[in-house]
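S.K.: Following is a predicted model, sequence given first.
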There are 4 protein chains.
Amino acid sequence: MARTDEKKERIIRVALSLFGQAGYDGTTVEEIAQKAEIAKGTVYLYYTSKDAIYRDLIVEAGKARRAYLSQSPREDGNVRLALARLITQELRFARAEKLYYRLLSSTDRNEGSEFSEEIRRIRREFLTELIELIRVGMLRGAIREGNPVLLGQLLAGMVRGAYQMLEENSSLTVDQIVLSILDLLWRGWAVS
Amino acid sequence: MARTDEKKERIIRVALSLFGQAGYDGTTVEEIAQKAEIAKGTVYLYYTSKDAIYRDLIVEAGKARRAYLSQSPREDGNVRLALARLITQELRFARAEKLYYRLLSSTDRNEGSEFSEEIRRIRREFLTELIELIRVGMLRGAIREGNPVLLGQLLAGMVRGAYQMLEENSSLTVDQIVLSILDLLWRGWAVS
Amino acid sequence: MARTDEKKERIIRVALSLFGQAGYDGTTVEEIAQKAEIAKGTVYLYYTSKDAIYRDLIVEAGKARRAYLSQSPREDGNVRLALARLITQELRFARAEKLYYRLLSSTDRNEGSEFSEEIRRIRREFLTELIELIRVGMLRGAIREGNPVLLGQLLAGMVRGAYQMLEENSSLTVDQIVLSILDLLWRGWAVS
Amino acid sequence: MARTDEKKERIIRVALSLFGQAGYDGTTVEEIAQKAEIAKGTVYLYYTSKDAIYRDLIVEAGKARRAYLSQSPREDGNVRLALARLITQELRFARAEKLYYRLLSSTDRNEGSEFSEEIRRIRREFLTELIELIRVGMLRGAIREGNPVLLGQLLAGMVRGAYQMLEENSSLTVDQIVLSILDLLWRGWAVS
DNA sequence: AATGAATGAGCGTTCATTCAT
DNA sequence: CATGAATGAACGCTCATTCAT
């Protein structure tokens, strides 16, 4: 089992890197096997298909993200702080686990109806958390009344935009960006 | 001649739909031909390659979007109004030309370095316009000083989020969503 | 008929040039039509197939060569002179009608069993003439007894070699080469 | 491994036969695979492309010919004898390795500029050897002064003609033909 | 007679998957 | 368990031929 899992581990590690760089169709099983230093056939001892690897990766990516997000406890009394932590963790995750993040954001292989509800759920976890916090904020009077789903979608979009920013302009830190976002949310950008 | 253009039209129309649903690699030329009710070889009378169809579609999508965006004149004295119009038009475009919008938003075939600068430029046109307007707003004192590129990315992300919202919750109108965005931008969401 | 033949003429003219340069498979009917400034379909009004054009060209090439060779009358009393004329005419033909000559020498599409006896006959006409002259020479005591077919093949080969020479080294004239060949035939290349 | 080389061997063997009969374009990879009793895809495990098979074959043919020619040592004191051996070996090669010989003589794929200098060189090796020997013969006074390149081309042509003879008239032996050629070269065919 | 748009069989090549060892 | 040779369906693309106009 130890041995076994080590090889399976190597396969997804490599697959993650390749899918992340070249996309699903741009990656061949041959390449995965080569970079994992095993034979092509061996891949099929651990995964039933190329697709199965991809699906497993998304599940893994979900877990990895959850590991980050769970460090921003929801039961915090202060919604603003809680949101700050949540977004910070999402961006830290995106930066540290770029490949996972890309997998979760990618539209690659998204549309094919073969993709399970489970995977769609994983992809939306962050959004769901945001919406929940916004709901709480409204209940507590910290956030003006409004449509929490809409606001959640807007905020999730902002975070995606923030990630783009991080990717292209490495001079900004995650904290600076998060501050900008919170400032925008609480004060708006109008003068005075 | 008339015939010719009608058939070319059918090809891209069908290709747009298929690329939009299944992505570039998930779509075959055979499928395009079948749905267009022509023979496979006929596709190549109108396009030199599958790739050429895709590129043409992106250029078309760029034009279609520009047709919408150009209806929100930049030289308006009021930045808030100008932004409202710009975003409204983007969302109208996204809603009316869903397939074009998806093509432009898709990360498909983005990673492969083979894609020209031209296409990347088309994909970013909306963002560029946003940043420009934000710059103007700052110059005029309508928007607090800040990093216009960052704010542009955040706003572009919000608009992507808004589109998600429209897709999933048809009870909201574009105008309502745009109002929410502007409200958020100018006042923030804090209570009073 | 005048009109008709003029177009048919254009087609083989162009086909000759293209087949000669790029070979049978390297030439498309489309190219032939374009260079002949007619529509692709029109080609099929004059020829039943691409192959038919090729076959016609070989027949034409045979006629063109015969036009040259017929200027070296066989009934000449002097075999050496007759041979000189025959070879000279072959080389003049090869030089002046390079494309025809290439078509006749080409192994392209030679092996496919579909090629008729007729065409094989055309391809060997020059050889046949050589053998005939050699036979006459032997009868008249001008050429030592021997196997005329073998000598004919050897001589035909020499002429092919002579053509190569002309192609690659334009400083030699046909007459010089023919003299060398005849000298070799009658005296050999031994010293004194 | 043993298996591997045996299969690769089967592929070129079959390809040689097919290219020799039908030419490059007249042969399909499918046919090669079928006659080799393997799947089409398997061909690509051993060769990167159809072209690569062809190139390999020409290189092989070159080696095979060299194996024959190298048995006619150049440093022989007697040029006539050396030439006799060289031509004998060329004809033996042509007879024993008919398919290789055809590949080397074929004009197929010669015109397309894509073919490397290397391959042209292989195709001309025999000619080059002939010219060299003729040069030596002239230096030693065994052959009358003349243009060695021209004489080489003529002689190479004679050998091609000799091969034709062998193909069509199996009653003649290589030795008889070589004797005829040498006789012609040294004495000419004039009576006495 | 002339067109050229349309066809579709066939090409060379790739690659996820299988299976004998 | 592991291998990697073998498979064959499927791909993008070409082009000789047909046919409606």
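M.R.: Yes, it's here. In this text the structure is predicted, and so the values were computed from the model without any measurement.

S.K.: State the helix or strand in which whatever residue of chain A ends up closest to chain D lies.
M.R.: Relative to chain D, the nearest point of chain A is residue A:30 (11.6 Å; C-beta to the nearest C-beta). The C-beta positions use only the backbone N, C-alpha and C, and glycine is treated the same way. Using DSSP states H and E, residue A:30 sits in helix A:29-35.

S.K.: excluding its backbone neighbours, what's nearest residue A:107?
M.R.: residue B:106 (5.0 Å; C-beta to C-beta, 6 or more residues apart in numbering or on different chains).

S.K.: And the pLDDT for the one you found?
M.R.: pLDDT for residue B:106: 84.

S.K.: So what's the residue count around it?
M.R.: 20 (other C-beta atoms under 10 Å in any protein chain shown).

S.K.: Now do the same contact list for it.
M.R.: Residues counted as contacts of residue B:106 (C-beta atoms under 8 Å, 6 or more residues apart in numbering or on different chains) are A:107, B:20, B:23.

S.K.: and the last one, how many neighbours?
M.R.: Residue B:23 is flanked by 23 other residues according to other C-beta under 10 Å.

S.K.: Go ahead and confirm it touches residue A:107.
M.R.: Yes: using C-beta atoms under 8 Å, residue B:23 makes contact with residue A:107 at a distance of 7.4 Å.

S.K.: what helix or strand is the closest residue to DNA strand F within chain A on?
M.R.: Chain A approaches DNA strand F most closely through residue A:41 (1.6 Å), counting by C-beta to the nearest atom of the strand. Remark: residue A:41 resides in helix A:40-46, with elements defined by DSSP H and E.

S.K.: roughly how far out does the helix or strand that that helix is followed by sit from the chain middle?
M.R.: Using DSSP H and E, the helix or strand that follows helix A:40-46 towards the C-terminus is helix A:50-69. Offset of helix A:50-69 from its chain centre (C-alpha atoms, centre = their mean, to the nearest Å): 9 Å.

S.K.: For the closest residue to residue A:190 other than its chain neighbours, give me its contacts.
M.R.: Nearest residue to residue A:190, sequence neighbours excluded (C-beta to C-beta, 6+ apart): residue B:186, at 4.4 Å. With contact set as C-beta under 8 Å, 6+ apart, residue B:186 has these partners: A:188, A:189, A:190, B:80.

S.K.: So for the helix or strand containing the last one, what gets flagged as buried?
M.R.: In this structure, residue B:80 sits in helix B:79-96 according to DSSP H and E. With burial defined by 16 or more other C-beta atoms under 10 Å in any protein chain shown, the residues of helix B:79-96 counted as buried are B:79-80, B:82-94.

S.K.: how much space between residue A:174 and chain C?
M.R.: From residue A:174 across to chain C, the span is 60 Å (C-beta to the nearest C-beta, to the nearest Å).

S.K.: Now that residue: closest residue in space, sequence neighbours ignored.
M.R.: residue A:91 (4.6 Å).

S.K.: just checking, next helix/strand downstream of the lengthiest helix in chain A?
M.R.: Scanning chain A for the helix with the most residues, using DSSP state H, yields helix A:117-139. Next along the chain after helix A:117-139, taking DSSP H and E as the criterion, comes helix A:148-168.

S.K.: Let me know the angle separating that next one from helix B:148-168.
M.R.: Taking axes from the mean of the first three to the mean of the last three C-alpha atoms, to 10 degrees, one finds helix A:148-168 and helix B:148-168 inclined to each other by 140 degrees.

S.K.: buried ones in the helix or strand following helix A:148-168?
M.R.: Next in sequence after helix A:148-168, counting helices and strands by DSSP H and E, comes helix A:174-187. Neighbour counts over helix A:174-187 (16+ other C-beta under 10 Å) mark A:174, A:177, A:178, A:180, A:181, A:182, A:184, A:185, A:186 as buried.

S.K.: now do stretch A:127-144
M.R.: Under 16+ other C-beta under 10 Å, the buried positions of stretch A:127-144 are A:127, A:129-131, A:133-138, A:142-144.

S.K.: and of the residues you listed, the nearest to residue C:98?
M.R.: residue A:127 (74.3 Å; C-beta to C-beta).
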